[in-house]
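Participant: Sequence unavailable; structure follows:
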């Protein structure tokens, strides 16, 4: 619990307008897509048509001779750099070397005077392939006669704070395994009063950040400089440092505004490739992917889950067991961590005395999977929360009451060894249930459900910041946290303004330039408000301490005589604001004071997770029995955020996340037919639109100040996604009595299930 | 190829290729980067600009098609004195964006809607705006912002 009991907030806990508002509504906000460097060339990428093939030869002389082409880069032109990268394991060549592992993999890049020229020259590259047997599902990849995707042993990447051992590269197609176990599940299932068992499938999905991956690189004697749409510039820096074998100080990542991330822009994507192009072309190079290419770059891990859950005669959940097979695609990316997280997230947020979860992810010849908002939680919350409703139905309990009975209590160590639960699920569930009218009569064909999720969130606590207080009393926050739209450029100044007592509009943010801003591990796992927010708070207080000492010097008194007041200091009759302290100290209206803070896995951040990200969602749906189409009648989100630094932004995160979750529940899915992704364009990949809006929406926050972040804050913005697919599946069962165990619940699936039910007739 | 059209109230004369799209001309030739490009297949609406008042997808609309017409982009919406258009102000006030990538196109589509129908109902807004995607907000605040801007514009026109 945060030591701060302060309640009279001046700036935080207010829905102040976004700091990036004016530039974003006038078209002046600059994204990497908008940037140009002098002398910049443009790259385009040739991609493999085969899912798995040896590369026999690449003929590039015709392309290189094409007017306007500077160079053609292939996997065979990379002598002098280390072409393999990856923060978990270095399994990913920046261009295919010797073989391709999925249809769509980058095989060669053309660098030319403009994009159109580069694109035309791609046709002139002649690649000869020898096709190999390919695997597309974990089951195929695990078969005895399955071809091996990766033959080489991998070096470890930058991933630290990872609790398990990375298992990739040990002579099988297994990318990662993870297991958690406590109690005695076999005994518990034998003694159970009721058990639900089932198999579930959570699909591959595409995050669709509207700004596709884009980067500009310059490589020269100064080192490597990259402008990128990356969420985690410091993680990307680590990969580039290793590719070019440079000191950290010679690699600079600069991230301006990012056009959406949702996890899909975490970790390294196209940066090593564009840097290699710039290195070969000896000039700055921009690589802007199309959305179709972005869909061939990253997706979420799809998951096949067998799960069973047991209750005793009193309705207490006594055991849960699951076996999960995840499909990580051709390269590990962040999937080892997704595997660990999805394993952990099978449990929460329930207190279950007997647990056994076994999870393994497999390399397959498909688009590499990685982080996606919620980080493996949605994959296992579909089975987890489906089984809660199935069990409640089986034992004749109200599913909302059943959840209340079994949910982790505040302060309960429901996951052995982890931070005790720091949320209030009863209040979350009550609020969601009330919002959707729980218990009130429903029209025929309607279903109403609530669901919860609890994630071990916040990633790893390694964050630093510097706060510069200027001689005019204005403030600059130097932060490695990236503004993806989540609002960090608004929330962080709110915290600094609260602490320093300066006007909110006098605080500016400089962010995500690894040459300038202090180290921050990542902008993901809902960690920024809690971790960077704490760093900004601590650094503000550090600046205040320094300015109190300066004031003593200025006033020629002892430091103990200085009393800090809001926005300045007092000593007897004398009162100085920060501007006066600094100006008098330097004897000029110039100069500054730098407050700093370092956060590590110690003190209040010693125990992981940094916080439990909890939320409840509620929905009411109707089902058209003729067509199987589901309509969202009502949606309620309840974010258990501790304290919302900016309530409007926190609610906005919840609605955005719930809408993505609704998309997966209703229609989002990447579809493979054989080796090819067949709906790899926004024409064919169905996304939530205006017309999918639920008819009624209520957004709620639960603010019990129970987090370790500033003033008791915790992160949010993922949890409302996690339970939505389960919510929809449960609501369909409640509305029309069919249980569907795979997302998305398309009209066809619902219609077929209804038809099947009719054929079988009423159960006897 | 020489091309002349009116852009945000001023006549522009430029050289372009016959295959250049309006988005390419705006972004690459004229350095007006407010118009964003995302899907490139007329599905997402991020690149929406107004040509003679009607919304078009600049990603697939040939620049040549704009000859002698009047083009309006997000850069043309703010008044000369810096005052924001009521839609721009309402988008800020209602938190109707997060990453902001869809926002210029969203605002231009909304302007076309309000020009055509100054008092749209919620359903009319949803129907008209269905061709603009937003991945961040869940759409609700955008609908509210458009309603709010419509109210402000109605009051302004009465003055």
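Facilitator: That came in fine, so what should we check first? This one's a predicted model, so the numbers in the text were calculated from it and none came from an experiment. Numbering: from 1, shown residues only, chains lettered A, B, ... in the order given.
Participant: Residue A:359 is in what secondary structure piece?
Facilitator: Residue A:359 belongs to strand A:354-363 when assigned by DSSP states H and E.
Participant: Paired strands for that strand, with orientation please.
Facilitator: Here strand A:354-363 is paired, per DSSP bridges, with strand A:174-182 (antiparallel), strand A:317-329 (parallel).
Participant: Any regions of chain A where pLDDT drops low?
Facilitator: Residues of chain A that meet the criterion pLDDT under 70 lie in A:1-5, A:159-167, A:169, A:762-764.
Participant: Report the central residue of it.
Facilitator: The centre of chain A sits closest to residue A:263, judged by C-alpha atoms, centre = their mean, with a distance of 3.2 Å.
Participant: pretty sure it contacts residue A:371?
Facilitator: Yes. The criterion here is C-beta atoms under 8 Å, and residue A:263 meets it with residue A:371 at 3.7 Å. (C-beta placed from N, C-alpha, C; glycine too.)
Participant: For chain B, what's the nearest residue on the stretch 151-300 of chain A?
Facilitator: Closest approach between the stretch 151-300 of chain A and chain B, counting by C-beta to the nearest C-beta: residue A:259, at 3.3 Å.
Participant: now the spatially closest residue to that residue that is not a sequence neighbour: how far from residue A:513?
Facilitator: Nearest non-adjacent residue to residue A:259, counting by C-beta to C-beta, 6 or more residues apart in numbering or on different chains: residue A:211, 2.5 Å away. Note on residue A:211: its distance to residue A:513, by C-beta to C-beta, to the nearest Å, is 19 Å.
Participant: now swap in residue B:63 and tell me
Facilitator: Following C-beta to C-beta, the distance that separates residue B:63 from residue A:513 is 35 Å.
Participant: quick one, which of these two is more surrounded?
Facilitator: The residue with more neighbours, out of residue B:63 and residue A:513, is residue B:63; 24 against 18, by other C-beta atoms under 10 Å in any protein chain shown.
Participant: Flag every residue of the stretch 651-764 of chain A that's near chain B.
Facilitator: Counting by C-beta under 8 Å from any C-beta of the partner chain, the residues of the stretch 651-764 of chain A close to chain B are A:652, A:655-656, A:658-660, A:681-683, A:687-691, A:693, A:697.
Participant: right, and the pair among these with maximum separation?
Facilitator: Spatially, the most separated pair among those is A:681 and A:697, at 29.6 Å (C-beta to C-beta).
Participant: Break the chain down into its domains, please.
Facilitator: Assuming you mean chain A. Using automatic domain parsing, the domain ranges for chain A come out as A:21-30+A:461-603, A:32-134+A:208-295, A:376-458+A:608-760.
Participant: not what I meant, chain B
Facilitator: B:2-76, B:86-158.
Participant: circling back to that earlier point, rebuild the strands paired with strand A:354-363 as a markdown table, extending it with mean neighbour count.
Facilitator: Formatted as a markdown table, these follow (neighbours: other C-beta atoms under 10 Å in any protein chain shown):
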| stretch | mean neighbour count |
| --- | --- |
| strand A:174-182 | 20 |
| strand A:317-329 | 24 |
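Participant: just to revisit the earlier point, residue A:681 and residue A:697 - which one has more neighbours?
Facilitator: Using other C-beta under 10 Å, the more surrounded residue of residue A:681 and residue A:697 is residue A:697, with 19 against 16.
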